[in-house]
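J.: Predicted model, plus sequence, below.
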Amino acid sequence: GNSVTQMEGPVTLSEEAFLTINCTYTATGYPSLFWYVQYPGEGLQLLLKATKADDKGSNKGFEATYRKETTSFHLEKGSVQVSDSAVYFCALSDQNNDMRFGAGTRLTVKP
Amino acid sequence: SAVISQKPSRDICQRGTSLTIQCQVDSQVTMMFWYRQQPGQSLTLIATANQGSEATYESGFVIDKFPISRPNLTFSTLTVSNMSPEDSSIYLCSVPDRVPGYTFGSGTRLTVV
């Protein structure tokens, strides 16, 4: 079945550092790919998404590119802020919109 | 995307009691999903609630423990019954978006003491 494998955390960075959180997937067909963010004490919010190969999703300085050849959707940000401290979930959905989540990666950004 | 109002946002409950969590959606949706997020873990799907039929439960979850109601296309409840400390988790409802993806409620943080 479909699945998502996500870089284990926790990840601790200093403010303005470069962030990469790796995500790879296994799926039949052509899934849509997502990154969700969960700030402390809150539910999940969609951060960005890509629905086909080579698409780049971007939002709030975060980017991820749908790479079919490497079945990856790595999340990147050039300069993180303290306010980016959260848990990040990679996810995919198939043509039936059946969603699968990665294990989540906790990011802590220190001033 | 839909907007979901979920409540309560948090609660502390005594073991052996039950808590009912409500989700109200601002539009009509056929399917609603209930997830559990145990401390430090990812999301686990509890069940899918379709209006007009019984909920479909995932392996490891049973109706007696997590009864679900879906009286109309905009509302659903999940009850956590006969609670134990192991039920301490965040519970989330979600609905599919018109485009790929889900919208989530803000979550209910449950602590059982």
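T.: In hand now; what should we look at?
J.: bridging residues for A:Arg100?
T.: For A:Arg100, the beta-bridge partners under DSSP bridges are A:Leu92.
J.: List the contacts of the least confident helix or strand in chain A by mean pLDDT.
T.: The helix or strand of chain A with the poorest confidence is strand A:99-101; it has a mean of 90 (mean pLDDT, DSSP states H and E). Here strand A:99-101 makes contact (CB atoms under 8 Å, 6 or more residues apart in numbering or on different chains) with A:1-4, A:36, A:89-93, B:42-43, B:101-102. C-beta: built from backbone N, CA, C; applies to glycine.
J.: Which ones among these lie within strands?
T.: A:3-4, A:36, A:89-93, B:43, B:102 (DSSP state E).
J.: Up against chain A, what does chain B have?
T.: Residues of chain B lying near chain A by CB under 8 Å from any CB of the partner chain: B:1, B:6, B:41-43, B:90, B:92, B:94, B:96, B:99-107, B:109.
J.: Select only the buried ones of these in PyMOL?
T.: Buried residues among those (16 or more other CB atoms under 10 Å in any protein chain shown), as a PyMOL selection:
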select buried, chain B and resi 6+42+43+90+92+94+96+100+101+102+103+104+105+106+107+109
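J.: what sits against residue 38?
T.: No chain in the question, so chain A it is. A:44-45, A:86-89, A:104 are the contacts of A:Gln38 under CB under 8 Å, 6+ apart.
J.: that's the wrong chain, I meant chain B
T.: Per CB under 8 Å, 6+ apart, neighbours of B:Gln38: B:44, B:88-89.
J.: And the residue nearest to the spatial centre of chain B, how far from B:Val95?
T.: The residue lying closest to the centre of chain B (CA atoms, centre = their mean) is B:Trp34, at 3.5 Å. The spacing between B:Trp34 and B:Val95, counted by CB to CB, to the nearest Å, is 11 Å.
J.: And for B:Lys7?
T.: Distance of B:Lys7 to B:Val95, given as CB to CB: 16 Å.
J.: more crowded one of these two?
T.: B:Val95 (24 against 14; other CB atoms under 10 Å in any protein chain shown).
J.: so what pLDDT did that one get?
T.: If you check B:Val95, the pLDDT there is 94.
J.: Could you count how many residues lie near the closest residue to it other than its chain neighbours?
T.: Closest residue to B:Val95 apart from its sequence neighbours, by CB to CB, 6 or more residues apart in numbering or on different chains: B:Val29 at 4.5 Å. Look at B:Val29: counted by other CB under 10 Å, it has 21 neighbours.
J.: Please name the residues that touch B:Val29.
T.: Counting by CB under 8 Å, 6+ apart, B:Val29 touches B:2, B:73-74, B:95-96.
J.: Next one: B:Ser88 relative to B:Ile12, how far apart?
T.: With distances taken as CB to CB, B:Ser88 is found 9 Å from B:Ile12.
J.: Overlap in contacts, those two.
T.: Jointly contacting B:Ser88 and B:Ile12 under the rule CB under 8 Å, 6+ apart are B:111-112.
J.: ok, which pair from the contacts of strand A:99-101 is furthest apart?
T.: Distance extremes for the contacts of strand A:99-101: the farthest pair is A:Gly1 and A:Tyr36 at 19.9 Å, using CB to CB.
J.: Show me which of those two is the more surrounded one.
T.: Neighbour count, other CB under 10 Å: between A:Gly1 and A:Tyr36, A:Tyr36 has more, with 25 against 8.
J.: For beta bridges, what are the partners of that one?
T.: A:Leu46, A:Phe89.
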